[in-house]
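Visitor: Provided below are the primary sequence and the corresponding predicted coordinates.
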Amino acid sequence: MKKKRTPQFGSFSLQLVFCSAAVCSMITGTLLAFFHPEAPAKASQRMLTFAERVAYQRAIEEVYWHHRIWPRSRGERPDPKPSLDAVMSQAQIESKVQDYLRNSQALEDYWHRPITAEQLQVEMDRMAQRTWDPAVLRELFDALENDPFVIAECLARPALAERLVTDLYTHEQRIHGEVKVEPEYRRASADNRAPYEMAAASASYRLPTISDRPSGCIGETWTATSTTNAPAPRTSHTAVWTGSEMIVWGGYGGSYFNTGGSYNPSTDSWAAISILNAPSARGGYTAVWTGDEMIVWGGDDGMSLNTGGRYNPATNTWTATSTTNAPTGRLFHTAVWSGSQMVVWGGWGEVEFNTGGRYDPSTDSWTATSTISAPAARLEHSAVWTGNEMIVWGGWNGVSYFNSGGKYNPSTDSWAGITTSNAPSGRRFHTAKWSGNEMIVWAGTAGSNSGLNSGGRYNPGTNSWVATSTTNAPAARFIHTAVWTGSDMIVWGGTDGLLQFSTGGRYNPGADNWMATPITNAPEGRAGHTAVWSGSEMMVWGGFVDFGPFYLNTGGRYCAQPDPTPTPTPTPTPTPTATSTPTPSPRGTPVARPRPTPHPRP
């Protein structure tokens, strides 16, 4: 196999460096002080049977499934949203209950640290205090009959047990290396013992008071996301929003990852996602959300990959994507979800591509995209889905920066060109979002490493471009992120080649104007991070900075107070497709390593 070379992109190296930041996970016996709600305490001496726990778990899953995004507002999914029973079996619900009971058992039997009633009360109070989606948390409490004992056992215990087991396992692994209790092994193993039952005990639980606000955020403010149990620091990863959680996966942080986590804003908590049957570790790949699964594909682990996987957050399971007829392995490509297929195009794998493929998860099969009239081969371009076609634009081929693109219709497997008249200048590392009738592209770089702060709006109906205003626009940058709120495009972070930004802006295409995002309490400047739109907030996470610790596992939530969004229904509003962004390296003491980077050019 051909060994990949690591190039220099102009004067800005795309090599990343190894860093050995000392990150210590302290296991503390001191807990947060209690939050004292108005609701009276309820004394209990009872035990939930396994069947009761399963019934309550199903009620929790019903709440989350109700909020799952089923993309349809642009004609993306012709099929109606199925019931929970159609996507999650009784056995899978039982498995979730067994997981948290086994975690509790491991804490008691192996570490001799059983979860106490006091800890469960603190966890309930923390959720009520820290929730950034109080409406969903209220729904969860209602589903559990607003019974503080049931909430403690069926909502607080799973989250707390997962967190404590992860902390203790990580702590022992750092001290002793291999340890006996490995969470993923226990979850995947066939355990013939009867499900672990909690002993009956007398406990007085208080029902926490949840905020009366319909949304947990306050307009034009930043709030840090929790780092407790968050995935390891990384860049070149992906993130998708499911309707109730942000899922991050993969990337690079000194080594390639095939791990990830789901962040739930209603409980302000992270949970690790399974690695059983997960795709191999990688960076520079793409991810899309289908309505019930996240599909990841392609990327690089030192060699270009044409493998991938489908992750189901309801069941916390992975299924490999077929490689039969799959496109050639590549990175720095794009992917969109069409409603029934994932369409990938372009990228690099020793050469630039103008080829692609359509992946149908219902049949686990690939179909090549036509190359007739396709745009010139390129990488680091952008792509959006309009409702009936994919529009690709920009990028480069190692020599030339493109201001051209094309429209691909998967139903006819055909390409059509788009005009370059009044189009923005050629660039890569830019962002593109679909507004409902226009594609908005902004920023990027054309080789100067100083970045751009210009952009344009492309209307496919009229095949015409209009420049975006630069008045009050954020500073020039690239490797930033962008989300679409329903009325505005919000851009944030990125780099100009010298420093990383903690600034951003909101662009309203109707008024063609910019408004700066606040900097108070904003996350530290970064590039190569991810961002998703939750319906009320932009959530950013991960990325890199120039100086240690180089890679980040911190983030923040920006409350933009958009126009009201409808209550989730079987046909909720979709979020923009999330794709990974390749990143230049932080600077420090460079150490050469394999990196998902294009081939050096003469």
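Guide: Perfect, thanks for sending it. Numbering: from 1, shown residues only.
Visitor: Where does the prediction get shaky in the chain?
Guide: 1-45, 72-76, 171-202, 213-216, 561-602 (pLDDT under 70).
Visitor: can you map out the helices along it?
Guide: 50-67, 84-87, 90-109, 117-130, 134-143, 148-151, 157-176, 183-188 (DSSP state H).
Visitor: buried sites along the fourth one?
Guide: Translated: helix 117-130. By neighbour count on 16 or more other C-beta atoms under 10 Å, the buried set for helix 117-130 is 119, 120, 121, 122, 123, 124, 125, 126, 127, 128, 130. In short, each C-beta sits where N, CA and C put it, glycine included.
Visitor: correct me, but the second one touches residue 157?
Guide: Pointing back at residue 120 there. Yes. Residue 120 is within contact range of residue 157, at 6.2 Å (criterion: C-beta atoms under 8 Å).
Visitor: To residue 450, which of the helices of the chain lies closest?
Guide: Ranking the helices of the chain by proximity to residue 450 (C-beta to C-beta) places helix 117-130 first, at 39.8 Å.
Visitor: Can I get that closest one as CSV, trimmed to CA atoms?
Guide: Taking C-alpha atoms only, helix 117-130 is exported to CSV below (Å, rounded to 0.1, in the frame of the first residue of the first chain):
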residue,chain,number,x,y,z
ALA,A,117,-29.6,8.1,48.3
GLU,A,118,-27.8,11.4,49.0
GLN,A,119,-25.8,11.1,45.7
LEU,A,120,-29.0,10.4,43.8
GLN,A,121,-30.7,13.5,45.3
VAL,A,122,-27.7,15.6,44.4
GLU,A,123,-27.8,14.3,40.8
MET,A,124,-31.6,15.1,40.5
ASP,A,125,-30.9,18.6,41.9
ARG,A,126,-28.0,19.1,39.5
MET,A,127,-30.2,18.2,36.5
ALA,A,128,-33.0,20.6,37.7
GLN,A,129,-30.4,23.4,38.3
ARG,A,130,-28.3,22.9,35.2
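Visitor: export the buried residues of helix 117-130 to a markdown table and tack on distance to residue 524?
Guide: Below are the buried residues of helix 117-130 laid out as a markdown table (distance: C-beta to C-beta, whole Å):
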| residue | distance to residue 524 |
| --- | --- |
| 119 | 31 |
| 120 | 34 |
| 121 | 34 |
| 122 | 29 |
| 123 | 28 |
| 124 | 31 |
| 125 | 29 |
| 126 | 24 |
| 127 | 26 |
| 128 | 28 |
| 130 | 21 |
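Visitor: so which of those residues comes closest to residue 439?
Guide: Nearest to residue 439 among these is residue 130, at 37.1 Å by C-beta to C-beta.
Visitor: show me the contacts for the nearest residue to the closest one once chain neighbours are set aside.
Guide: Spatial nearest neighbour of residue 130, excluding adjacent residues (C-beta to C-beta, 6 or more residues apart in numbering): residue 268 at 3.8 Å. The neighbours of residue 268, taking C-beta atoms under 8 Å, 6 or more residues apart in numbering as the test, are 126, 127, 130, 131, 132, 225, 226.
Visitor: ok, back up a step: for the helices of the chain, which one ends up most surrounded?
Guide: With neighbours taken as mean count of other C-beta atoms under 10 Å, the helices of the chain reach their highest mean count in helix 148-151, at a mean of 24.
Visitor: what's that helix packed up against?
Guide: On a contact count with 3 or more C-beta pairs under 8 Å, 6 or more residues apart in numbering; DSSP states H and E, helix 148-151 meets strand 41-46, strand 201-206.
Visitor: Distance-wise, check residue 319 relative to residue 395.
Guide: 31 Å (C-beta to C-beta, to the nearest Å).
Visitor: do the same with residue 255
Guide: Distance from residue 255 to residue 395, counting by C-beta to C-beta: 28 Å.
Visitor: of those two, who's got more company?
Guide: A direct count of neighbours by other C-beta atoms under 10 Å for residue 255 and residue 395 places residue 395 higher, at 33 against 11.
Visitor: my guess is the more buried one meets residue 380, correct?
Guide: Yes. Judged on C-beta under 8 Å, residue 395 makes contact with residue 380 at a distance of 5.0 Å.
Visitor: which neighbours do these two share?
Guide: By C-beta under 8 Å, 6+ apart, the residues touching both residue 395 and residue 380 are residue 428.
Visitor: Spatially central residue in this protein, please.
Guide: Residue closest to the average C-alpha location in the chain (C-alpha atoms, centre = their mean): residue 239, at 1.7 Å.
Visitor: Leaving aside the residues adjacent along the chain, what's closest to it?
Guide: Spatial nearest neighbour of residue 239, chain neighbours left out: residue 530 (3.7 Å); criterion: C-beta to C-beta, 6+ apart.
Visitor: how close does the one you found sit to residue 547?
Guide: Separation of residue 530 from residue 547 (C-beta to C-beta): 21 Å.
Visitor: So for those two, which residue has more residues nearby?
Guide: residue 530 (28 against 10).
Visitor: Quickly list what the more buried one is bridged to.
Guide: Legend: beta-bridge partners of residue 530 under DSSP bridges are residue 541.
Visitor: from what I can see it touches residue 241, true?
Guide: No. Using C-beta under 8 Å, residue 530 is not in contact with residue 241; the gap is 10.3 Å.
Visitor: got the contact list for residue 488?
Guide: Contacts for residue 488 (C-beta under 8 Å, 6+ apart) come out as 506, 507, 508, 560, 562.
Visitor: Out of those residues, flag the one nearest to residue 68.
Guide: residue 562 (20.2 Å).
Visitor: Do a quick rundown of the strands in the stretch 201-350 of the chain.
Guide: Using DSSP state E, counting those that start in this stretch, the strands found in the stretch 201-350 of the chain span residues 201-206, 221-224, 238-241, 246-249, 260-264, 269-272, 286-289, 294-297, 308-312, 317-320, 334-337, 342-345.
Visitor: Sort out which residues of stretch 424-433 are buried, please.
Guide: Neighbour-count burial for stretch 424-433 flags 424, 426, 427, 428, 429, 430, 431, 432, 433 (criterion: 16+ other C-beta under 10 Å).
Visitor: Those residues into CSV, with extra columns for distance to residue 459?
Guide: Below are those laid out as CSV (distance: C-beta to C-beta, whole Å):
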residue, distance to residue 459
424, 14
426, 20
427, 20
428, 23
429, 24
430, 18
431, 18
432, 14
433, 14
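Visitor: Greatest separation within the residues you listed: which pair is it?
Guide: Greatest spatial distance among the buried residues of stretch 424-433 (C-beta to C-beta): 426 and 433, at 19.1 Å.
Visitor: how near is residue 262 to residue 231?
Guide: 10 Å.
Visitor: Report the set of residues contacting both of those two.
Guide: Joint contacts of residue 262 and residue 231 (C-beta under 8 Å, 6+ apart) are 248, 270.
Visitor: Looking only at neighbour counts, state which of the two leads.
Guide: Ranked by neighbour count (other C-beta under 10 Å), residue 262 and residue 231 place residue 231 first, with 24 against 21.
Visitor: ok, that one touching residue 270?
Guide: Yes. The pair residue 231 / residue 270 is scored as a contact, 7.4 Å apart, by C-beta under 8 Å.
Visitor: Appreciated, that's everything.
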